[in-house]
Every structure is written in structure tokens, then in C-alpha cells.
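Novice: here is a sequence with its predicted model. Questions after.
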Amino acid sequence: MSNTILHKAASRGHADHGWLNSYQSFSFASYYNPERTQFGVLRVLNDDVVTGGKGFGSHPHDNMEIISIPLEGALVHEDNMGHKEVVSAGEIQVMSTGSGVFHSEYNNSPDKPAKFLQIWLFPNKLNVTPRYDQVKLDPLKGENRLQQLIAPRGVAGDEAAGEVVGEKGIGEGTWIYQDAWFFSGRFDKERQISYERKKKENGVYLFVIKGSFAVDGQRLDTRDGLGVTDLDSIGIQSLEEGSEILIMDVPMKNKIQ
Amino acid sequence: MNDTQLNILAVGRELAILQVVERLINGHEGWAATIVTTDEEAMAAVAKTDFRIVFVCAGVTAEEEEDLRRRVQELHPGVVVTRHFGGGSGLLENEVLAILNDQKKQIYGK
């Protein structure tokens, strides 16, 4: 067995505010567990359900890369950069909060819940000009294979080759100020894939959105998380029809540029 | 000054964010915030008040943070000078609890 950290779904932090029901894989707000504060630069992984018509009023963020992945329903986002957008399941939203941004986020439906993952990474550059991006994913590209959601800013998979692609990360999705890659995929039962870690200094955190997988011999069920720090190649097998996984390949130590 | 009060200084360049940080800190019983937007104001505050934590917030560069840490700890070696990430929402309470937990470990062991 490789060097792994297992976070079973039931062991996560939990806060029920009525309008917001949040399960937290890492310490957040009033949930503090010194043994579970982060996985490398991955600091927040919240599994949130917002009641219809409710949401987060205007509040600030700074110096965090914030990725929101709606799983069901849609959120209305409004910020002081002038964006007013609806982000729905099948899309991802990124905010590089840098020197500071105020935003609000409400459920777009008056009566149906919105479910989304809220993920925060420490940035590798401080005080950048805040940035907002939102991209729609092609669902077919994540069927029985991994679809790229996030990549580092302007850097291709092979840095040694000097491959630079400008503002967008290579492939699908969008970019952030961090040497991190996110992938997701939906798999038929018994499908097997191998995930290749992007960088030696990165670790890989696998989070099951739905269904179950066997990862390096470890069974993971819905909302379980597994951090792997010493494997270049990780074997993943889906155990149920329609199982969905999110893979976050992140630096284990932050290098502020 | 109340001996049991936890005094926290937040230094940043974005006043609107600092005001949220101040409100969140002061919302905790026994915690008290002071906010400043310049390093000189920070040093004046450190000379006057017994802070246990100095949070370095948005807009302060890594070089300014290092300089501030050196100057604060020359005056008061026990003060923790650390970067606050996130703009108050979500992580502030955790960051304070982590510092207090570390200090407790240093005093009492594991």
C-alpha cells in the first residue's frame, strides 16, 4: 500500500445552518481538526447544499484560488468586478481572489436545492489582480475517461519542452495561479484507468462524487476522499455504474513566486 | 487591558476587507482586533498593545511581510506574525485556533 490519507465521508466536518448544509473534508469555519487542515495546497473541500432562494450575501475573499463545481441546480454569482453570472451543473467557476474581491452567491432556484463543491487552493502568487472565469464542460469528454477541468496558468504538461499556451491551460477547462490540475470523469461499472501524477512534488487527492471506486486497492464510496503522495501512477477502477470521481493533483508544498 | 483577552493585529492594504476581518475577530468572545493599513501604523500598534498574533492580509507583499515579521519580533519575539489567507470568510477562526493549538503544544507538549 502506498502512502495514503483516507477521509471517509462520515468523518468530515458538518455544519447545518438551515439554509446551508455543509460537509467539510478539511477544517473550515468553526470546524477545526488539527489533524485535518489541508492536503498540500488544497485547503478547502466543502460539499454544500444551499436551500432554494437562499445563499451567501456579499463577503470578501483574497489570496485564494476558489473553484466551484455545481453538482445539481445553479448558483447566481455577483461580484465587485462587474460579473453577474449563473453557474449551473456541467460548468465550473474559478475566482483568483488575489488582492481582494467581494461577491455574493445565491441559489438560482426559489424552491429547489443547489448542490456544489467549493474548493480553495493556496495560490502560488500573492495579490494578483482578481479574476473570474466560468467554463461549460462537454459531458461526452468525461464519459469513461478523465476530462481536464483545471490546469496551471499558461503551462503545458511538459514544462521541460517549453510548451506554453498563453492564458488558457492546456486542454479543457480553465486555469489558476497554482501548479495544480483537476480532472473528473463518469465511468461505467468495472472500467479501469490509470492516472499519471503531473509532477513529482505533487500529491493526488481523489474525491468520489458518486458511486464507488477501488483506488490503489482502497475502496472509496460516495464523498470519500483519498490523498496519495508517493505514486506516479494510480490505478482506479469503478465499482458501480455511473460512478463519478474528481481528481486534484496539487503541490504538497507551496512555492510563492 | 484584560489579561485573558486575545489581541490580534491585522495589517493589510484593503480597508474594506480589514473591516470584515475586524468584525469577525471581535465577534468572538475574548478576541479583540486592531486593523491598520500601513506597516508604520502596525509598528506603533505593536509598541502600544500586547498582541499575540499579527495577521498579514491582502495587498502586503512577501518582502513587506518578512520585514514586518523581523521588526515585530525584534520588539516582541513571542508574537506570531503570519499570513492570513481568504479575506476573513472561512479560514480566519481556523488560523487563530491553529496558532493557539501550536502554542499550547509548545508549552504543554503533545
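Specialist: Alright, I've got the coordinates. Numbers count the residues shown, from 1 in each chain, chains lettered A, B, ... in the order given.
Novice: how much space between the residue nearest the centre of chain B and A:T97?
Specialist: Centroid check for chain B by C-alpha atoms, centre = their mean gives B:V54 as the closest residue, at 2.4 Å. Going from B:V54 to A:T97 by C-beta to C-beta, to the nearest Å gives 21 Å. Yep, even glycine has a C-beta here, placed from its N, CA and C like the rest.
Novice: what pairs with the one helix or strand the residue nearest to the centre of chain B maps to, and is each one parallel or antiparallel?
Specialist: Applying DSSP states H and E as the criterion places B:V54 in strand B:53-56. With DSSP bridges as the test, strand B:53-56 is paired with strand B:6-11 (parallel), strand B:80-83 (parallel).
Novice: near chain A, anything from the helix or strand just after it?
Specialist: Sequence-wise, the next helix or strand downstream of strand B:53-56 (DSSP H and E) is helix B:62-75. Yes. Counting by C-beta under 8 Å from any C-beta of the partner chain, chain A has neighbours in helix B:62-75: B:A62.
Novice: between helix B:62-75 and strand B:6-11, how many degrees?
Specialist: 140 degrees (axes from the mean of the first three to the mean of the last three C-alpha atoms, to 10 degrees).
Novice: tell me the mean pLDDT for helix B:62-75?
Specialist: Confidence for helix B:62-75, expressed as mean pLDDT, is 97.
Novice: list the contacts of A:P251.
Specialist: When contacts are counted by C-beta atoms under 8 Å, 6 or more residues apart in numbering or on different chains, A:P251 touches A:40-41, A:124, A:178-180, A:199, A:201-203.
Novice: how about the backbone phi and psi for it?
Specialist: phi -60, psi 140 (degrees, to the nearest 10).
Novice: kindly report the same for A:A10.
Specialist: The phi/psi pair for A:A10 (degrees, to the nearest 10) is phi -70, psi -10.
Novice: chain A contacts on chain B?
Specialist: B:13-14, B:16-17, B:20, B:57-62, B:83, B:85-91, B:93-94, B:97-98, B:101.
Novice: for chain B, what are the nearby residues on chain A?
Specialist: Counting by C-beta under 8 Å from any C-beta, the residues of chain A near chain B are A:27-30, A:32, A:34, A:37, A:43-44, A:59-64, A:97-102, A:120, A:122, A:126-127, A:256.
Novice: make it 10 Å
Specialist: A:24, A:26-34, A:37, A:43-44, A:46, A:56, A:58-64, A:66, A:80, A:97-103, A:118, A:120, A:122-123, A:125-127, A:256-257 (C-beta under 10 Å from any C-beta of the partner chain).
Novice: which of these count as buried?
Specialist: For the residues of chain A next to chain B, a neighbour count by 16 or more other C-beta atoms under 10 Å in any protein chain shown gives the buried set as A:24, A:26-29, A:31-32, A:37, A:43-44, A:46, A:56, A:59-64, A:66, A:97-103, A:118, A:120, A:122-123, A:125-127.
Novice: surely A:K54 is in contact with A:V76?
Specialist: No. At 11.4 Å, A:K54 does not count as touching A:V76 under the criterion of C-beta atoms under 10 Å.
Novice: and for these two, which residues touch both?
Specialist: A:106-107, A:114 (C-beta atoms under 10 Å, 6 or more residues apart in numbering or on different chains).
Novice: what about the residues you listed, which are in strands?
Specialist: A:106-107, A:114 (DSSP state E).
Novice: and the contacts of the lengthiest helix in chain B?
Specialist: Longest helix of chain B, by residue count under DSSP state H: helix B:92-108. Residues outside helix B:92-108 that contact it (C-beta under 10 Å, 6+ apart) are A:26-34, A:37, A:43-44, B:6, B:8, B:10, B:20-21, B:24-25, B:27-28, B:31, B:33, B:52-53, B:55, B:57, B:78, B:80, B:82-86, B:91, B:110.
Novice: centre of the chain to that helix, how far?
Specialist: Offset of helix B:92-108 from its chain centre (C-alpha atoms, centre = their mean, to the nearest Å): 13 Å.
Novice: for it, buried residues please.
Specialist: Buried, per 16+ other C-beta under 10 Å, within helix B:92-108: B:92-99.
Novice: cool, stretch A:5-22 as well?
Specialist: A:7, A:9, A:12-13, A:20-22.
Novice: could you give me the average pLDDT of that stretch?
Specialist: In the prediction, stretch A:5-22 has an average pLDDT of 98.
Novice: start to end distance for that stretch?
Specialist: 21 Å (C-alpha to C-alpha, to the nearest Å).
Novice: rewinding a little: need the shared contacts of A:K54 and A:V76 in a markdown table (columns: pLDDT, distance to A:N3 and neighbour count).
Specialist: Shown next, in a markdown table, are those (pLDDT from 0 to 100; distance: C-beta to C-beta, whole Å; neighbours: other C-beta atoms under 10 Å in any protein chain shown):
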| residue | pLDDT | distance to A:N3 | neighbour count |
| --- | --- | --- | --- |
| A:Y106 | 98 | 41 | 19 |
| A:N107 | 98 | 39 | 25 |
| A:A114 | 98 | 36 | 26 |
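Novice: for the residues you listed, which one is nearest chain B?
Specialist: Closest approach to chain B among the shared contacts of A:K54 and A:V76 (C-beta to the nearest C-beta): A:Y106, at 15.4 Å.
Novice: report the mean per-residue pLDDT for stretch B:37-48.
Specialist: 98.
Novice: let me fix that, I meant to ask about stretch B:82-98.
Specialist: Here the average pLDDT along stretch B:82-98 is 94.
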